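*Asks:* The sequence isn't on hand, but the structure is:
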């Protein structure tokens, strides 16, 4: 027994020494980058950037997405990089031992493959690389062609009709607001129904709370790691409801607000290291860069309509990265956009919509998690629309079938 305890102690000491060695190597590397003239946030040989990152995210709700970190760096760059005259294009972050060193495209990181492995054994297009990825991308492309997606509009429309019907059941009547509810769950169920209908031509009815075996299986795996006026005519002529160009610009503007290839020669002529780093393309930070976007905090869908390069609102090439850019951009983006367009047409003209985080927190007693949510000013800026309440309206015939968020009043979305 004494021999076993001695052996266990030796193993523990060896593991500790190995961890300290790795930590020293990581910390020392960041110090070396600093001496090379690469902008580095205040760095500690003991804590790395854990203290800096902790201070940044302390102003965010505890359930906020990690993508907000890059926006916080973008907003606070003058304090974080006092030696710079403008925000550096790359922020090197040392959060060891929680993650490998990060940079804000290269071979897929271990972390991405690790997350998907329980679901797909990495036999998915997001994890594949090289010739294997090229082969399957070529095979899948015809299924995601615009022509094929448009041919399935009547089927997708049926699922979106259910979405509108579910929202109608949750909406208040006669000038009263309905109960607050989790909008993300409704949109997730819609997406699942659309995907299964598109690929398998099966109606899952997830939106009505009838969990299918497929949904149950997905939830189990992850846990371990209607209505419309004259709808008959619309189904016969589905192209009649495709939004106008202006309405499509609103969709682009919405993606621009929430965010989510390659790089230049570096910062000041210096090459940025990537070996041993996780490279994270900061789409949200790019979408909130005032050097790229004129009148950044205003809801201006027309910025995606202008073709005049002299117009200050002209969107720079490759700056809108909602589905990323380059050959590995989202293969299903056309299906996603079509789903959003149809949902906007059926929903926006029929309901008044209000963001209701405070009421949701109060009803669900979620003060430790959600009441510490962003101040109203910051929440309006980020456009966080996850918890809402609805009121049904009866003058939808004269309402434009599009959601305009040109003005926020008391955390409400104004629909014109």
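*Replies:* Perfect, I can see it now. All values derive from a computational prediction rather than experimental measurement.
*Asks:* how about the strands of the stretch 1-150 of the chain, start to end?
*Replies:* Applying DSSP state E, counting those that start in this stretch to the stretch 1-150 of the chain gives strands spanning 92-93, 102-103.
*Asks:* tell me what the first one is packed against?
*Replies:* In terms of contacts (3 or more CB pairs under 8 Å, 6 or more residues apart in numbering; DSSP states H and E), strand 92-93 is packed against strand 102-103. In short, each C-beta sits where N, CA and C put it, glycine included.
*Asks:* Out of the strands of the stretch 1-150 of the chain, name the one with the poorest average pLDDT.
*Replies:* Note on those: strand 102-103 shows the lowest mean pLDDT, a mean of 54.
*Asks:* so how many other residues sit close to residue 195?
*Replies:* Residues contacting residue 195 under the criterion other CB atoms under 10 Å number 17.
*Asks:* name the element it belongs to?
*Replies:* Taking DSSP states H and E as the definition, residue 195 sits inside helix 183-200.
*Asks:* Mind listing residues that contact that helix?
*Replies:* With contacts defined as CB atoms under 8 Å, 6 or more residues apart in numbering, helix 183-200 is touched by 143, 149, 152, 155-156, 158-160, 162-163, 166-167, 202-207, 214-215, 335-336, 339, 343, 385-388.
*Asks:* One more pass at 6 Å, please.
*Replies:* Residues outside helix 183-200 that contact it (CB atoms under 6 Å, 6 or more residues apart in numbering): 152, 155-156, 159, 163, 202, 204, 206-207, 339, 386, 388.
*Asks:* so which pair among those residues is furthest apart in space?
*Replies:* Greatest spatial distance in the contacts of helix 183-200: 202 and 388, 29.1 Å, computed using CB to CB.
*Asks:* just to revisit the earlier point, from the contacts of helix 183-200, which is closest to residue 180?
*Replies:* Using CB to CB, residue 388 is the member of the contacts of helix 183-200 that sits closest to residue 180, with 7.1 Å.
*Asks:* who touches that closest one in this structure?
*Replies:* The contact partners of residue 388, taken as CB under 6 Å, 6+ apart, are 183, 353, 355-356.
*Asks:* In helices, which of the residues you listed appear?
*Replies:* Members of the contacts of residue 388 lying in helices (criterion: DSSP state H): residue 183.
*Asks:* what's the closest of the contacts of residue 388 to residue 330?
*Replies:* Scanning those for proximity to residue 330, where the rule is CB to CB, the winner is residue 183, at 21.8 Å.
*Asks:* Tally up the residues packed near that closest one, please.
*Replies:* Per other CB under 10 Å, the neighbour tally for residue 183 reads 19.
*Asks:* what does residue 351 give?
*Replies:* Neighbour tally, residue 351, other CB under 10 Å: 24.
*Asks:* re earlier: enumerate the positions of the helix holding residue 195 that are buried.
*Replies:* Buried residues in helix 183-200, counted by 16 or more other CB atoms under 10 Å: 183, 186-187, 189-198.
*Asks:* Could you pick out the longest helix of the protein?
*Replies:* Longest helix of the chain, by residue count under DSSP H: helix 2-35.
*Asks:* Give the buried residues for it.
*Replies:* Here helix 2-35 shows 23, 26-27, 29-30, 33 as buried, counting by 16+ other CB under 10 Å.
*Asks:* Could you do stretch 147-162 as well?
*Replies:* Neighbour-count burial for stretch 147-162 flags 149, 152-153, 156-162 (criterion: 16+ other CB under 10 Å).
*Asks:* do the same with stretch 53-60
*Replies:* For stretch 53-60, burial by neighbour count (16+ other CB under 10 Å) applies to 53, 56, 60.
*Asks:* Distance check, the residue nearest to the second one when sequence neighbours are not counted against residue 187.
*Replies:* Right, residue 56. Excluding its sequence neighbours, the residue lying closest to residue 56 (CB to CB, 6 or more residues apart in numbering) is residue 72, at 4.4 Å. Noted for residue 72: a distance of 26 Å to residue 187, by CB to CB, to the nearest Å.
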